[in-house]
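J.: I would like to see how this sequence folds:
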Amino acid sequence: MQISEDVSSDITHNQLKVATFNLFNYLEPPNAFYEFERIYTAQQWAKKQCWITDYLKQYQPDVIGFQEVFSIESLKTLLYEAGYTYFATVDEPQIIDDFIYKRPVVAIASRYPIIQTCGVQYDDALLPTLGLNADFKYSRKVLRATIDLPHLGETDCYVVHLKSKRSTIDIAENNDVTPEKRIIEHLRAQIVGGWGATVQRGSEATLLMSEIITRRESSQNPVILMGDFNNSLTDGVLSNLLTNSLRFAPVIDSKAFLAKYCLYDAWDLYVNSLTNNALVKVGDSRVDESQPTRTPTHYFGANSSVLDYVLLSCEFDASYDDSFYDVAAYNTYDRHLINPDFDIDDQSTDHAVVMVTFALRS
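T.: Next up is the predicted model:
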């Protein structure tokens, strides 16, 4: 777990904290998530509520993007009691059989005023170019909240939960087929359905980035994109989110304008900040210091990966002359994943919580 500052320090306008938080089946009993028997007991629900509240008290993020929200009003109340006056969603979960919930939504909470919210649309004209059908939809609505943040003013904060890696093909149990035939069906579903999920996830990211650029051009607002991306940014599927160069464009134009429309991984900005600060301390001499290692945010069996991200526009990049903030700290809260205490963590979440701290540039 990376902790790079005293996270219990008082909130000031010289410091800003933004977090992304996958709540993992946040559904108040007696409702069920996905299947009729998956219902929290009163004790389990109280423990889950307490776990969330404890995190908020300890780390004090100013803006939080949430994923896997079923019980919207319950979360809104919990956050209000924790000091978050402003809260928004742009969608509702699906309910079947009166009490079984599917398709959780994203939400956002803030200590600062939320000026406007909307569900992000996309340009229908781009669908044929991407080889997508006219009925394409985001697997989960993307939320955009414009928040009046200190020193930045109106800032567009996007919360996403991109398509998971779960196959898009469901295999019905059929006891009339041979074991070999059943294996073949699952293998085909994994190959074809897994690629279908990848295409959906990559298309969501591409269409969203196009909309972010369009919105940025018209509003000139700083941008924060946060959430559960269900994919590493390094394997190419989501690479469009971090495009930072242009082919065949005049170099002078690229340097002059491109930076304003690119997004940057908060982790990279944090590492750059550490490096630059070290160089400043010793003048122009280079310091041979080992770079910090990024902590995974999700574990599946023996595998681990970073799935939860905060991406930022140039207003948070200290190397950009007109930036307002520097990424001063990057915290991945994962104790419940790597060293859980059952009495405390058994109703927590299957993701780490990622929080980025910004310091106002002097």
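
J.: contacts for stretch 83-100?
T.: With Cβ atoms under 8 Å, 6 or more residues apart in numbering as the test, stretch 83-100 has contacts from 30-36, 56, 64, 69-70, 72, 75-76, 79-80, 101-114, 117-119, 140-141, 143, 145, 147. For every residue, glycine as well, the C-beta is placed using N, CA and C.

J.: would you mind measuring the gap between the ends of stretch 80-87?
T.: 8 Å (Cα to Cα, to the nearest Å).

J.: I'd like the average pLDDT over that stretch.
T.: Computed over stretch 80-87, the mean pLDDT rounds to 98.

J.: what residues sit buried inside the top strand by length along the chain?
T.: Among the elements of type strand in the chain, defined by DSSP state E, the one spanning the most residues is strand 15-26. The neighbour-count check on strand 15-26 (16 or more other Cβ atoms under 10 Å) flags 15-23, 25-26 as buried.

J.: and stretch 181-194, by the same measure?
T.: 189, 193.

J.: send the alpha carbons of that stretch over as PDB?
T.: Extracted in PDB, the C-alpha atoms of stretch 181-194 (Å, rounded to 0.1, in the frame of the first residue of the first chain):
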ATOM      1  CA  LYS A 181     -19.000 -31.300 -25.500                       C
ATOM      2  CA  ARG A 182     -19.500 -29.200 -22.300                       C
ATOM      3  CA  ILE A 183     -15.800 -28.200 -22.200                       C
ATOM      4  CA  ILE A 184     -15.900 -27.300 -25.900                       C
ATOM      5  CA  GLU A 185     -18.900 -25.000 -25.300                       C
ATOM      6  CA  HIS A 186     -17.200 -23.300 -22.500                       C
ATOM      7  CA  LEU A 187     -14.000 -22.900 -24.500                       C
ATOM      8  CA  ARG A 188     -15.800 -21.300 -27.400                       C
ATOM      9  CA  ALA A 189     -17.700 -19.000 -25.100                       C
ATOM     10  CA  GLN A 190     -14.500 -17.900 -23.400                       C
ATOM     11  CA  ILE A 191     -12.700 -17.200 -26.700                       C
ATOM     12  CA  VAL A 192     -15.600 -15.500 -28.500                       C
ATOM     13  CA  GLY A 193     -17.400 -14.000 -25.500                       C
ATOM     14  CA  GLY A 194     -14.200 -12.800 -24.000                       C
END
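
J.: looking at this structure, which helix or strand is least sure?
T.: Of all helical and strand segments in the chain, the minimum by mean pLDDT, DSSP states H and E falls on helix 251-253, at a mean of 68.

J.: right, and the helix or strand after that helix?
T.: Sequence-wise, the next helix or strand downstream of helix 251-253 (DSSP states H and E) is helix 259-261.

J.: by contact count, what packs against that next one?
T.: Identification of packing neighbours for helix 259-261 by 3 or more Cβ pairs under 8 Å, 6 or more residues apart in numbering; DSSP states H and E yields helix 194-219.

J.: where in the stretch 101-250 of the chain is pLDDT low?
T.: Within the stretch 101-250 of the chain, no stretch falls below the threshold (pLDDT under 70).

J.: could you pull out the helices in it for me?
T.: Taking DSSP state H, counting those that start in this stretch as the test, the helices found in the stretch 101-250 of the chain are 179-188, 194-219.

J.: what's the span of stretch 108-121, first residue to last?
T.: End-to-end distance for stretch 108-121: 18 Å, by Cα to Cα.

J.: and that stretch, which residues are buried?
T.: Buried, per 16+ other Cβ under 10 Å, within stretch 108-121: 108-112, 114, 117, 120.

J.: farthest-separated two in the residues you listed?
T.: Among these, the pair separated by the greatest distance (Cβ to Cβ) is Arg111 and Val120, at 23.2 Å.

J.: separation between Asn303 and Lys165?
T.: Separation of Asn303 from Lys165 (Cβ to Cβ, to the nearest Å): 11 Å.

J.: and those two? which has more neighbours close in?
T.: Lys165 (14 against 8; other Cβ atoms under 10 Å).

J.: how near is the more buried one to Arg201?
T.: 8 Å.

J.: any common contacting residues for these two?
T.: 230-231.

J.: which residue of the protein lies farthest from its centroid?
T.: Asp176 (42.9 Å; Cα atoms, centre = their mean).

J.: what are the phi and psi values at that residue?
T.: phi -90, psi -10 (degrees, to the nearest 10).
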